[in-house]
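> could you work out the structure for the sequence below:
(4 chains)
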Protein chains: 2
Amino acid sequence: MGASKSESFSEEHNEMATLFKALSHPARIAIVDYLLSVDSCICGDIVNELPLAQPTISQHLKELKNANIIKGTIEGTAICYCINPDTIDKIENHFGVIRHKLKNKCC
Amino acid sequence: MGASKSESFSEEHNEMATLFKALSHPARIAIVDYLLSVDSCICGDIVNELPLAQPTISQHLKELKNANIIKGTIEGTAICYCINPDTIDKIENHFGVIRHKLKNKCC
DNA sequence: TTATTATATTGCAATATTACGATAAAACAA
DNA sequence: TTGTTTTATCGTAATATTGCAATATAATAA
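So this is what the prediction gives:
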């Protein structure tokens, strides 16, 4: 085996797992952090910020884009990436539900 | 190559990535969900809840435990697993910071 | 002691991820 | 047109993850 048996789980569980997987790499956390630290959303210099080669960063950006955590819009020769607030909302909400369920228990 | 260059990133980025990686599999999301749905924290029947073999579930539990997302205490022959609220707090807080930083921007 | 029950570990095969050099593609400038 | 800049894709090697059968361990019961 080796492949994850995702068909066996609910769509919601798979969706959340996909979001977390997109954030499960320090480079991708760093990219999100960088996007939050710059005033404008102009990017491309992410390559200069991180100790990774350009193809590697392009790959990480693609994964963040696929998971809808960031959005990218073409701006001439460059591409402007920015955080997608809707997805942040979705994840935050997930933890809100957990927190609520946790209130009435504990071992 | 192939190994993630984690030494190149900050401790905080690595820590968050590790937490998200622990949640990046539908089975582990389902386990967290199940732990939240049962009134008591008595477990072991997670094996009956999920379509995975016992060794596989044991492995997933171990990863959640290593990431401090769940805690396990021996209770006779069985083990009582439950959510670690501190770690949930930590993740929620991370998104709180993101949300705050997001407020004053957008492209 | 010998079962029984609950969980963990080992070993291995299948698959996925990470990283990067080389190269391609797309937009614009000269 | 040719050159430059920016980003994406291909190909491939190294490593990590997933899943499970078999087996081991630990606690209790008979």
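> these two touch, right, A:G72 and A:N84?
No - no contact is recorded between A:G72 and A:N84 when judged using CB atoms under 8 Å, the distance being 10.1 Å. Backbone N, C-alpha and C define where each C-beta goes, glycine included.
> ok, the strand or helix carrying A:G72: who's next to it in the sheet?
In this assignment (DSSP states H and E), A:G72 forms part of strand A:70-75. Partner strands for strand A:70-75, per DSSP bridges, with pairing direction: strand A:78-83 (antiparallel).
> in the strand it pairs with, what counts as buried?
Of all the residues in strand A:78-83, those buried under the rule 16 or more other CB atoms under 10 Å in any protein chain shown are A:C80, A:Y81, A:C82, A:I83.
> before we move on, what about stretch A:98-107?
Of all the residues in stretch A:98-107, those buried under the rule 16+ other CB under 10 Å are A:I98, A:L102.
> ok, now stretch A:4-24?
Of the residues in stretch A:4-24, those buried by neighbour count under the rule 16+ other CB under 10 Å are A:9, A:13-24.
> which element is A:T56 on?
Using DSSP H and E, the element containing A:T56 is helix A:54-66.
> closest residue of chain A to DNA strand D?
Closest approach of chain A to DNA strand D (CB to the nearest atom of the strand) occurs at A:G44, with a separation of 2.5 Å.
> okay, that residue and B:A53: tell me how far apart.
According to CB to CB, to the nearest Å, A:G44 stands 47 Å off from B:A53.
> so for these two, which sits in the more crowded spot?
Applying other CB atoms under 10 Å in any protein chain shown to A:G44 and B:A53 shows that A:G44 carries more neighbours, namely 14 against 10.
> regarding chain A, what is its longest helix?
In chain A, taking DSSP state H as the definition, the longest helix is helix A:85-103.
> quick one on the thing from earlier: is the residue of chain A closest to DNA strand D in contact with A:I74, as I believe?
No - counting by CB under 8 Å, no contact exists between A:G44 and A:I74, whose distance comes to 11.6 Å.
> thinking again about what came up before, show me what contacts the residue of chain A closest to DNA strand D?
Taking CB atoms under 8 Å, 6 or more residues apart in numbering or on different chains, we find A:G44 in contact with A:A78, A:I79.
> how about 6 Å then?
A:A78 (CB atoms under 6 Å, 6 or more residues apart in numbering or on different chains).
> same question for A:R28.
Residues counted as contacts of A:R28 (CB under 6 Å, 6+ apart) are A:H60, A:L64.
> how far off centre is the helix or strand hosting it?
Counting by DSSP H and E, the secondary-structure element that holds A:R28 is helix A:26-37. Remark: helix A:26-37 is offset 9 Å from the chain centroid, using CA atoms, centre = their mean, to the nearest Å.
> residues of stretch A:54-67 that come out buried?
Within stretch A:54-67, the residues that qualify as buried are A:I57, A:H60, A:L61, A:E63, A:L64, A:A67, counting by 16+ other CB under 10 Å.
> what is the burial count for A:N93?
Counted by other CB under 10 Å, the residues lying close to A:N93 total 11.
> any idea of the pLDDT on it?
Here, the pLDDT recorded for A:N93 equals 92.
> and what of the one 5 residues further on?
Among the per-residue scores, A:I98 shows a pLDDT of 92.
> can you tell me the closest non-neighbouring residue to it?
B:I88 (5.8 Å; CB to CB, 6 or more residues apart in numbering or on different chains).
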